[in-house]
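> Here you go, sequence then predicted model.
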There are 2 protein chains.
Amino acid sequence: MARTTGSDGEKTEAAVREAAVSLVARLGYEAMSMRQLAAEVGVQAGALYRYFPTKEDLLFTLMREHMVGLIEAWEAARPAAADPATRLAAYVKNHVAFHIERRHSTHVSNMELRSLSHDRLTQILRLRTNYEKELRAILRDGAEAGDFIVEDTGLTAMALIQMMTGVIVWFRPGERLSISEVTATYLSMTMRLVGAKAHGATKTYSVAAPSGEQRTL
Amino acid sequence: MARTTGSDGEKTEAAVREAAVSLVARLGYEAMSMRQLAAEVGVQAGALYRYFPTKEDLLFTLMREHMVGLIEAWEAARPAAADPATRLAAYVKNHVAFHIERRHSTHVSNMELRSLSHDRLTQILRLRTNYEKELRAILRDGAEAGDFIVEDTGLTAMALIQMMTGVIVWFRPGERLSISEVTATYLSMTMRLVGAKAHGATKTYSVAAPSGEQRTL
């Protein structure tokens, strides 16, 4: 869905989604009203309902787009055939880069799950599971190959995801650390956490910063 | 403030706090009404206001008690004089044990900060900073002694805290893993993450499970 070149309707819908992410992140889903959102976008409240018949439709759309975007980013970043350490490095780099650019949308996705209906919650959780099982497969392959130390695949996958997603809580662009420094540090910590043999020994992982600058750990 | 042996008023106040933690965790602070809370506790709505003049007073009390409880637990658990690895092991053990037992209160403390007034937010964030700086000191001491590999003290402290606090998102007592297994795995992962020399070499860390059972990594 290429929104940027779309019709006026598509542009309005994109503007609504963008404003909604930042309003929900700031006020919370329960506290935000469709009226406030309409005022933020500069349309009549009635116009919103053309795009999102209910407030929950809007929340579900925001959450689904966040997860679909994450999965698509990972599919584009995933190395075709590579050893577990290289795959893990790609997963970490993609996860940190994706979330660091989407602080509000990550907040909404993590904090407002309780406001979804059962069916929609199931859909979002299924997308999450699909994404997380890619990490579990990497960890399992690494452990089976003797490259990683992993006490429990499920626990380690959750611990790594929570450690990395947590970047949005404390990181602000333009402060002490650059995005490439943050990503490089998460990568080093992850490689040590899984006891990657390569770490600090024969192999280095290179992290391309968004600017194209290269960092070698 | 020993509540358990207190007057009827103190007992009611404790019951209000307990019911509020679980209601706010389930519905969200904005969505919860004082009327619902009163019904849950079995008192008149007016009676609540005797203990908590405003809804925000209640939220602030819940968050302050959570952080004060965490700091007190750490003060009781902190080894008097010990090497950085032993201090880090104690910090991890206390952090995981405290949060795993307080899933709702942790949710409230992490998700409802935006509903506090500026002054009260500052008070809660000051308590958090006091707690987190203990971890930063341990990491710094370990790095300076050459016992740990720490690229960035602040980033590593946040990463570890988010990794450990995340336990409340996925862990449910009575399922596949016991609390002592979970704590032991977080401890192993943390020791590797900071490149603790002792890990897997000459030293083992013992983790006392709440039951008194001992586990050695």
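Looks like it came in fine.

> Please report the distance of the residue positioned nearest the centre of chain A from chain B.
When CA atoms, centre = their mean is applied to chain A, the residue found nearest the centroid is A:His99 (4.3 Å). With the distance defined as CB to the nearest CB, to the nearest Å, A:His99 ends up 12 Å from chain B. Heads up, the C-betas are built off the backbone N, CA and C, glycines and all.

> Could you double-check that that residue lies in contact with A:Phe171?
No. Counting by CB atoms under 8 Å, A:His99 stays clear of A:Phe171, with 9.3 Å between them.

> what is in contact with the two at once?
Residues within reach of A:His99 and of A:Phe171 at once, by CB atoms under 8 Å, 6 or more residues apart in numbering or on different chains: there are none.

> Secondary structure class of A:Arg120, three-state.
Counting by DSSP: H, G, I helix; E, B strand; the rest coil, the backbone at A:Arg120 sits in helix.

> So what's the residue count around it?
17 (other CB atoms under 10 Å in any protein chain shown).

> Need the per-residue pLDDT for the residue lying closest to it once chain neighbours are set aside.
Once flanking residues are discounted, A:Arg120 sits nearest to A:Phe60: 4.8 Å by CB to CB, 6 or more residues apart in numbering or on different chains. On pLDDT, A:Phe60 comes in at 97.

> all strands of chain A, in order?
A:206-208, A:214-216 (DSSP state E).

> Go through the ones you listed and find the least confident stretch.
For the strands of chain A, mean pLDDT drops lowest on strand A:214-216, to a mean of 35.

> about what we covered before: got a list of what the residue nearest to A:Arg120 touches?
A:Leu116, A:Arg120, A:Gln123, A:Ile124.

> any idea how far the last one lies from B:Phe52?
Applying CB to CB, to the nearest Å, the value for A:Ile124 to B:Phe52 is 34 Å.

> again, but for the third one
When distances are taken as CB to CB, A:Gln123 and B:Phe52 turn out to be 38 Å apart.

> Compare these two and say which is more crowded by neighbours.
Neighbours per residue (other CB under 10 Å) separate A:Gln123 from B:Phe52, with B:Phe52 holding more: 20 against 15.

> Was I right to think the more buried one contacts B:Gly46?
No. B:Phe52 sits out of contact with B:Gly46 when judged by CB under 8 Å, with a separation of 11.8 Å.

> count of neighbours near A:Arg103?
A:Arg103, neighbours per other CB under 10 Å, totals 18.

> For chain B, see how far away it is.
Distance of A:Arg103 to chain B, computed by CB to the nearest CB: 14 Å.

> Which residues of chain A lie near chain B?
A:26-31, A:111, A:114-115, A:149, A:151-152, A:154-156, A:158-163, A:165-166, A:169-170, A:176-177, A:181-182, A:184-186, A:188-189, A:192-195, A:200 (CB under 8 Å from any CB of the partner chain).
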